[in-house]
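Colleague: Build me a structure from this.
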Amino acid sequence: MSAIDSISFDHSELLRFITAGSVDDGKSTLIGRLLHDSKSIFEDQLSAITHTSSRRGMESVDLSLLTDGLQAEREQGITIDVAYRYFATPKRKFIIADTPGHEQYTRNMVTGASTANLAIILIDARKGVLTQSRRHAYLASLVGIPHLVVAVNKMDLVDYSREVFERICKDFAAFAAGLKLNNIAYIPMSALNGDMVVERGDKLNWYKGMALMDLLESVPIDHDINLEDFRFPVQWVCRPQTEELHDFRGYMGRIESGFISVGDAVKVLPSGLTSHIKEIVTYDGSVDDAVAPQSVTLTIEDHLDISRGDMLVKTLEVPRVGREFEAMLCWLSEQSLDPRRKYLVKHTTRTVKALVSRIEYRVDINTLNHEAVDTLKMNDIGRVSLKVQQPLAYDSYQRNHATGSFIVIDEVNNNTVAAGMICPAKD
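Modeller: You can find the predicted model right below:
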């Protein structure tokens, strides 16, 4: 088995996915149903939510309480923060992020979606495709989630109508076409009753596709990681102060994408110096090759000036290197963007001073219209031009999530104020 084959096997064991949708579409109930019906909750948890449901006068258990953990959420009956839950089946492990439905919590959804392999967008069968549905589809497109599931929920409230389901699918598909969202699955369901969640139930016999859990267990995610472009940001230079390893100089970090083999020609960025891989060291000792997302120590044939923040790439797979680029920026801070201020940009393992030289536009995420603005406020998403003090080696976010993303830091208080996704170069 090759290095690529082995990492594909390991990577496919874990699926990260998010749920999103309008308020009261049933996101938390859906997750509760997944956990309950897959027998992934403890008896004391079930006992606690059963007691709470009974105290509130409910006839059945409110499964949404399994995820709505914040006191403010429980008081208002909505999801505010991103609630993460972990569970496993015999086929796969899962990390779920239950993201907020309100527009003012856009930053929370972007945070939850940033590492997801799949997004579930819930739509109330009675209401159809709403503004929030389109907004969440846009955000899923923005952060590059490769797989999308449109879960038409509350089918029990429309008599499990096939016509209602097909009309909603048609409406959503028309909007998604403009976002270049192609890998979409549509599933009718009732999270409250459990139809088409873990079990198929007996109310939706006209639907011939997979139930949600079957899809989650089988959706291919091996190709979600870039195995074409070798990118190795140096995190630490290892110089052991021992007699046996006195001359050892290794470069430690994680392979963010691609693969590398002993003997491969590499280039150090941003300097442009070249060499060849001499040795690849892992926890299990020296190996002939390694692949993303392994953490390794690399040694090279030549003594070069390499430090934290530099990036090793293959000589024929070189990213862009420069001090200016455009990016989509999601502003996270309560303090608005000030174009007159300098910020810090943390990109892979390099942190540099930066200036937002221009705000191209702000996206109205409800209509997708572009608006001229002179600042970005909390939860705003806009396209900006940035200038950084030292050159960065980067790809577009569309091509490589690891080297196409960054965060913006307020250098005064060290708070993260924005998340950025680098745009493709203009021809």
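Colleague: All the helices of this protein, in order from the start?
Modeller: Listed in chain order, the helices found in the chain under DSSP state H are 3-11, 27-37, 43-55, 71-76, 106-113, 131-142, 162-177, 212-218.
Colleague: so for the shortest one, what's the average pLDDT?
Modeller: Average pLDDT, helix 71-76: 41.
Colleague: With the third one instead?
Modeller: Confidence over helix 43-55 (mean pLDDT, whole number) is 61.
Colleague: With stretch 301-312 instead?
Modeller: Rounded mean pLDDT across stretch 301-312 is 94.
Colleague: what about it, start to end distance?
Modeller: 13 Å (CA to CA, to the nearest Å).
Colleague: go on, stretch 288-303?
Modeller: Termini of stretch 288-303 sit 21 Å apart (CA to CA).
Colleague: Surely Ile96 and Asn117 touch.
Modeller: No: Ile96 lies out of contact with Asn117 (CB atoms under 8 Å); the separation is 11.5 Å. C-beta: built from backbone N, CA, C; applies to glycine.
Colleague: Touching both of those two, which residues are there?
Modeller: Here Ile96 and Asn117 have Phe17 as joint contacts, going by CB atoms under 8 Å, 6 or more residues apart in numbering.
Colleague: neighbour-wise, which of these two wins?
Modeller: Neighbours per residue (other CB atoms under 10 Å) separate Ile96 from Asn117, with Ile96 holding more: 25 against 21.
Colleague: Quick one: residues contacting that one.
Modeller: Contacts of Ile96 by CB under 8 Å, 6+ apart are 17-19, 31, 34, 84-87.
Colleague: what about it, distance to Arg162?
Modeller: Taking CB to CB, to the nearest Å as the measure, Ile96 falls 29 Å from Arg162.
Colleague: Then Leu312?
Modeller: 55 Å.
Colleague: Looking at those two, which one has more neighbours?
Modeller: Set Leu312 next to Arg162 and count neighbours by other CB under 10 Å: Leu312 wins out with 24 against 13.
Colleague: Quick check, the more buried one in contact with Val268.
Modeller: Yes: here Leu312 reaches Val268: they are 6.0 Å apart, a contact under CB under 8 Å.
Colleague: Now for the two: what residues contact both?
Modeller: The contact lists of Leu312 and Val268 share Ile306, where a contact means CB under 8 Å, 6+ apart.
Colleague: Mind listing what's buried along stretch 409-423?
Modeller: 409-410, 417-423 (16 or more other CB atoms under 10 Å).
Colleague: same question, stretch 187-206
Modeller: 187-192, 194-198, 200-201, 203-204.
Colleague: Have a look at the contacts of Ile96 and tell me the least confident one.
Modeller: Tyr84 (72).
Colleague: can you pull up the bridge partners for Arg350?
Modeller: Taking DSSP bridges, one obtains His347 as the residues bridged to Arg350.
Colleague: Let me see the contact set for it.
Modeller: Applying CB under 8 Å, 6+ apart, the residues near Arg350 are 233, 308-311, 390, 392.
Colleague: which of the residues you listed lies closest to Lys278?
Modeller: Using CB to CB, Asp310 is the member of the contacts of Arg350 that lies nearest Lys278, at 16.9 Å.
Colleague: In this structure that closest one contacts Gln235, no?
Modeller: No: with contact defined as CB under 8 Å, Asp310 does not count as touching Gln235 (10.2 Å).
Colleague: Looking at the two, which one has more neighbours?
Modeller: Each of Asp310 and Gln235 has its neighbours counted (other CB under 10 Å); Asp310 has more, 23 against 14.
Colleague: If you drop the residues flanking it in sequence, what lies closest to the more buried one?
Modeller: Closest residue to Asp310 apart from its sequence neighbours, by CB to CB, 6 or more residues apart in numbering: Val234 at 4.9 Å.
Colleague: Any regions of the stretch 1-150 of the chain where pLDDT drops low?
Modeller: Where the stretch 1-150 of the chain drops to pLDDT under 70, the residues are 1-12, 23, 40-83, 99-109, 111-112.
Colleague: Tell me, how many residues neighbour Lys170?
Modeller: Neighbour count of Lys170, defined by other CB under 10 Å: 11.
Colleague: and what of Ser295?
Modeller: Residues near Ser295, counting by other CB under 10 Å, number 12.
Colleague: List the beta-bridge partners for it.
Modeller: Arg254.
Colleague: In space, what's closest to Ile365 - neighbours in sequence excluded?
Modeller: Computed as CB to CB, 6+ apart, the closest residue to Ile365 that is not its neighbour in sequence is Arg135, at 4.7 Å.
Colleague: Arg200 and Ala211: what is the separation?
Modeller: For Arg200, the distance to Ala211 - CB to CB - is 5 Å.
Colleague: Actually, Leu179.
Modeller: 26 Å.
Colleague: do Lys314 as well
Modeller: The value you get for Lys314 to Ala211, if CB to CB is used, is 43 Å.
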